[in-house]
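Colleague: this one's structure only:
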Ligand code: FES
Ligand SMILES: [Fe+2]
């Protein structure tokens, strides 16, 4: 069955691994925040299509992305999800040592001097994957010719929104990280994320914080009123708010959205989840709103007055994916004093768990011999945008 705009993806597209891999070779995808690896030699590991990668903060301050395989005999270099390398990246197998700034082989343990002194050593650097940073967010691409022009343009557009966080004069650190392995096709997770028609039935707690319109762009009169009041407030505070929403050739959406009255952060009780405010709010009052960013193919990120919450999906195979979530806070915030784990993590752990069942259900449905792609409703406009974009760039 051929793909038709405004409808779900055909089964042969959903299960086409080569098509998925092409997309990740052609497009930038989200792999974390600078705050996930704030210290020199800090790393974060992730998986994609059976391969492992890690982002690493070099001694020179540059964050790079490497394949998590030794250049000697392919042993795994880092084992934990997050951690910190020694002064050099040392392979646990035969102790070959690599430079954290660029991955060059520094010392080939056990090898004869004639090898160590030869030009051959130059061929045994770690394999590096292109990585770019925009608004403290990190994006990788598996292809050799990543679309730098696209990320340059995105960087320019999002700067008025993200610069007040990047240039706040303080650093960030990760408070918590969570990995959820989902037995579902990753496209189902993304399509689920791009609409809120399932929210009223499935995210009753989340909807105490947000009007569904903020997620799906289907403005109700009540939401328009809430948004108008918030926009006047944001203008007074000098906060950029105008929505930049998935123009036909764009792969991202950024905007500031109001939360329900009295909600100072993304928490079920509306209270701050970290007492140390961040970015434009540091030393000021918290704001009842969120700066939200969505990127095709794989993330949604929310900047509030006190933390940044990231959610990002990567396919492990056609029918399994990983959903990563991190909570980034002010570098000086102290666990147990300024924030605590359950309070901070609650909203996204609960909300994502509610989505997992739906994503698995849709994924199983797409395996059925009775599957046929159904039409998206107007409030599912961003599902149509995602599917059109996916088909355009992955074939
Ligand atoms: S496999 Fe890494 S040093 Fe041999
Ligand atoms: Fe959801």
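Modeller: Yep, it's here. The model shown is predicted, which means the values in this text are computed figures rather than measured ones. Ligands and ions are numbered 1, 2, ... in the order given.
Colleague: Now for the residue in the stretch 251-395 of the chain that ligand 1 sits nearest to: which residues touch it?
Modeller: Nearest residue of the stretch 251-395 of the chain to ligand 1, counting by CB to the nearest ligand atom: residue 316, 23.7 Å away. The C-beta positions use only the backbone N, C-alpha and C, and glycine is treated the same way. By CB atoms under 8 Å, 6 or more residues apart in numbering, the contact set of residue 316 is 47, 48, 49, 50, 181, 322.
Colleague: so can I have a markdown table of those residues showing neighbour count?
Modeller: Putting the contacts of residue 316 into a markdown table (neighbours: other CB atoms under 10 Å) gives the following:
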| residue | neighbour count |
| --- | --- |
| 47 | 18 |
| 48 | 21 |
| 49 | 14 |
| 50 | 8 |
| 181 | 12 |
| 322 | 18 |
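Colleague: If you tally nearby residues, what's the number for the residue in the stretch 151-300 of the chain that ligand 1 sits nearest to?
Modeller: Of all residues in the stretch 151-300 of the chain, residue 179 sits closest to ligand 1, at 25.2 Å by CB to the nearest ligand atom. Burial of residue 179 is recorded as 13 neighbouring residues (other CB atoms under 10 Å).
Colleague: just residue 222 next, same as before
Modeller: 10.
Colleague: The residue of the stretch 151-300 of the chain closest to ligand 1 belongs to a strand?
Modeller: Yes - per DSSP: H, G, I helix; E, B strand; the rest coil, residue 179 lies within a strand segment.
Colleague: Okay, strands next: where are they in the stretch 51-200 of the chain?
Modeller: Assigned by DSSP state E, counting those that start in this stretch, the strands in the stretch 51-200 of the chain fall at 51-57, 63-67, 82-84, 89-90, 97-98, 105-107, 128-129, 131-134, 137-140, 172-182.
Colleague: Residue 244: which of those strands is closest?
Modeller: Counting by CB to CB, residue 244 lies closest to strand 131-134 out of those; the figure is 13.3 Å.
Colleague: Switch the strands of the stretch 51-200 of the chain over to JSON lines; also include mean pLDDT.
Modeller: Converted to JSON lines, the strands of the stretch 51-200 of the chain look like this (pLDDT from 0 to 100):
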{"stretch": "strand 51-57", "mean pLDDT": "98"}
{"stretch": "strand 63-67", "mean pLDDT": "98"}
{"stretch": "strand 82-84", "mean pLDDT": "96"}
{"stretch": "strand 89-90", "mean pLDDT": "97"}
{"stretch": "strand 97-98", "mean pLDDT": "97"}
{"stretch": "strand 105-107", "mean pLDDT": "95"}
{"stretch": "strand 128-129", "mean pLDDT": "97"}
{"stretch": "strand 131-134", "mean pLDDT": "98"}
{"stretch": "strand 137-140", "mean pLDDT": "98"}
{"stretch": "strand 172-182", "mean pLDDT": "98"}
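Colleague: okay, these in TSV with distance to residue 40 next?
Modeller: Formatted as TSV, those follow (distance: least, CB to CB, whole Å):
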stretch	distance to residue 40
strand 51-57	6
strand 63-67	10
strand 82-84	9
strand 89-90	12
strand 97-98	15
strand 105-107	16
strand 128-129	17
strand 131-134	15
strand 137-140	16
strand 172-182	13
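Colleague: for those strands, which one ends up most surrounded?
Modeller: Mean neighbours per residue, mean count of other CB atoms under 10 Å, is largest over the strands of the stretch 51-200 of the chain for strand 137-140, with a mean of 24.
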